[in-house]
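Undergrad: the amino acid sequence is not available; the structure is as follows:
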Ligand SMILES: Nc1ncnc2c1ncn2[C@@H]1O[C@H](COP(=O)(O)OP(=O)(O)OP(=O)(O)O)[C@@H](O)[C@H]1O
Ligand SMILES: Nc1nc2c(ncn2[C@@H]2O[C@H](COP(=O)(O)O)[C@@H](O)[C@H]2O)c(=O)[nH]1
């Protein structure tokens, strides 16, 4: 039987740079994760494509997915639903591939319950001022939404201790290197836990 892949969860406050770091990671040749595209009821931003950035759903469609247990986790975040399709995650892990989720904190804590063996990484901003500066500079949210996201961000930042690792996103490439190093170390740890010595001793 094929060994299951690793579930990697990258989480952190809005605007910290999760999407930027994820896109950089996936553009690098030595990255071998599969990205799980989330479902959301948020309206697409300019340039966002259905089925690439998100699966965009109506509230009714999303609530139906919840009632059918089609989501590994879901959360209502600043007025919209966001969730992870369970079938894709299960199928991909069972094929032995690592799955990468980029989700907010309430959802990450739900995944922690369902997959305690997952790898949980919190991406932190250098400071609250820099976080606000990044959301404002991105230019995708109204002032009211930015304030709401900043309010939630303060609650999320105090949850960083619930994660296995905290990576500061001061520099995107540096953050990517750290995440890749963490994933590699986690694979080595799992191989050590598995009865690997038997395989080595068998050869003689
Ligand atoms: N290390 C960094 N230094 C400076 N700016 C950054 C850095 N990382 C990301 N940014 C910028 O910060 C803004 C927010 O980044 P991004 O959209 O990736 O955040 P996010 O955490 O995915 O946000 P959300 O959770 O709202 O989707 C973008 O304009 C991005 O270019
Ligand atoms: N719990 C979940 N959170 C998710 C998921 N997909 C994205 N997100 C997070 O929501 C916020 C807002 O995203 P935005 O695209 O509107 O800026 C952000 O923290 C995302 O990481 C998900 O499937 N589940």
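TA: Okay, I see it. As the structure is a prediction and not an experimental result, all values here were calculated from the model. Ligands and ions are numbered 1, 2, ... in the order given.

Undergrad: residues in this protein within reach of ligand 1, list them.
TA: Residues of the chain lying near ligand 1 by Cβ under 6 Å from any ligand atom: 14-20, 134, 137-138, 169-172. Every residue, glycine included, has its C-beta placed from N, CA and C.

Undergrad: report the two of the residues you listed separated the most.
TA: Using Cβ to Cβ, the residues of the chain next to ligand 1 span at most 19.5 Å, a distance reached by 14 and 171.

Undergrad: tell me which of these two has more neighbours.
TA: residue 14 (22 against 11; other Cβ atoms under 10 Å).

Undergrad: the residue nearest to the more buried one when sequence neighbours are not counted - how many residues pack around it?
TA: With Cβ to Cβ, 6 or more residues apart in numbering as the criterion, residue 14 has its nearest non-adjacent residue at 4.3 Å, and that residue is residue 149. If you count neighbours by other Cβ under 10 Å, residue 149 ends up with 20.

Undergrad: am I right that residue 149 is in a helix?
TA: Yes - judged by DSSP: H, G, I helix; E, B strand; the rest coil, residue 149 forms part of a helix.

Undergrad: what comes up buried for the lengthiest helix in the chain?
TA: Ranked by residue count under DSSP state H, the longest helix found in the chain is helix 172-193. By 16 or more other Cβ atoms under 10 Å, the buried positions in helix 172-193 come out as 175-176, 178-179, 182-183, 186.

Undergrad: surely residue 25 forms part of a strand?
TA: No - read with three-state DSSP, residue 25 is helix and lies in no strand.

Undergrad: would you map the helices across the chain?
TA: Here the chain has its helices, by DSSP H, at 18-27, 59-67, 86-94, 105-114, 128-138, 143-157, 172-193, 196-202.

Undergrad: the fifth one and ligand 2, are they touching?
TA: Looking back up the chat, that one is helix 128-138. No - shown here: helix 128-138 not in contact with ligand 2 (Cβ under 6 Å from any ligand atom), separated by at least 8.8 Å.

Undergrad: ok, back up a step: most neighbours out of the residues of the chain next to ligand 1, which is it?
TA: Ranked by neighbours (other Cβ under 10 Å), those are led by residue 16, which has 27 neighbours.

Undergrad: residue contacts, that one?
TA: Residue 16 is in contact with 123-125, 131, 134, 169, counting by Cβ atoms under 8 Å, 6 or more residues apart in numbering.

Undergrad: residues of this protein that sit close to ligand 2?
TA: Proximity of the chain to ligand 2 (Cβ under 6 Å from any ligand atom) is limited to residues 14, 18, 38, 42, 73, 75, 77, 82-84, 102-104, 106-107.
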